[in-house]
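Peer 1: Just to be clear, the model below is a prediction. Sequence and coordinates:
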Amino acid sequence: MAERDLERLLSGMRPELLDERYVFTTVEGAEVPAGLRPAATVREPEGLTLVLRQEEADAAGLPYDYVAGWITLRVHSALDAVGLTAAFATELGAHGLSCNVIAGYHHDHLFVAADRAAEAVAVLEDLAARSVQD
């Protein structure tokens, strides 16, 4: 069952870093180009944003300017839960870490600078540990 209690959400985050690097790129039109398998898409007036593995974007010759590590918070957060995003974004920001968030049905997915992804996981684990003590 999806969790709504902020203290339980924070203490149960269990951040998990995927091994691959991801990029954000954009293509014209509303369709994903053949052969691409994006992890996520966002339709915007300017084009279709694709979140892809870096190697897939490179193979397709797609431009990007941000390489990210993908962290999944393994707590099953309710889509209407209040405060989780603000709490982890504030904590990451205090450490100079930007964060792009995509909410899935079961989990929140954070995209942070790839070269600082392990640091971001440590910051999130520390936040979770402090939440257990509170």
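Peer 2: Structure's in. What do you need? Just so you know, these numbers come straight off a predicted model, no measurement behind them.
Peer 1: only C-alpha atoms for contact and neighbour calcs from this point on.
Peer 2: Noted.
Peer 1: Could you give the average pLDDT over the lengthiest helix in the chain?
Peer 2: Among the elements of the chain assigned as helix by DSSP state H, the one spanning the most residues is helix 117-133. Averaged across helix 117-133, the pLDDT comes to 95.
Peer 1: Tell me the gap between it and the middle of its chain.
Peer 2: Helix 117-133 sits 15 Å away from the centroid of its parent chain (Cα atoms, centre = their mean, to the nearest Å).
Peer 1: That one: which residues count as buried?
Peer 2: Buried residues in helix 117-133, counted by 16 or more other Cα atoms under 10 Å: Ala117, Ala118, Glu119, Ala120, Val121, Val123, Leu124, Glu125, Leu127, Ala128, Ala129, Ser131.
Peer 1: Can you show me the helices along this structure?
Peer 2: 6-11, 54-60, 84-94, 117-133.
Peer 1: For the most centrally placed residue in the chain, give me its contacts.
Peer 2: Compute the mean C-alpha point of the chain, and by Cα atoms, centre = their mean the closest residue is Leu110, 1.7 Å away. Residues in contact with Leu110, defined by Cα atoms under 8 Å, 6 or more residues apart in numbering, are Trp70, Ile71, Thr72, Leu73, Cys99, Asn100, Val101, Ile102.
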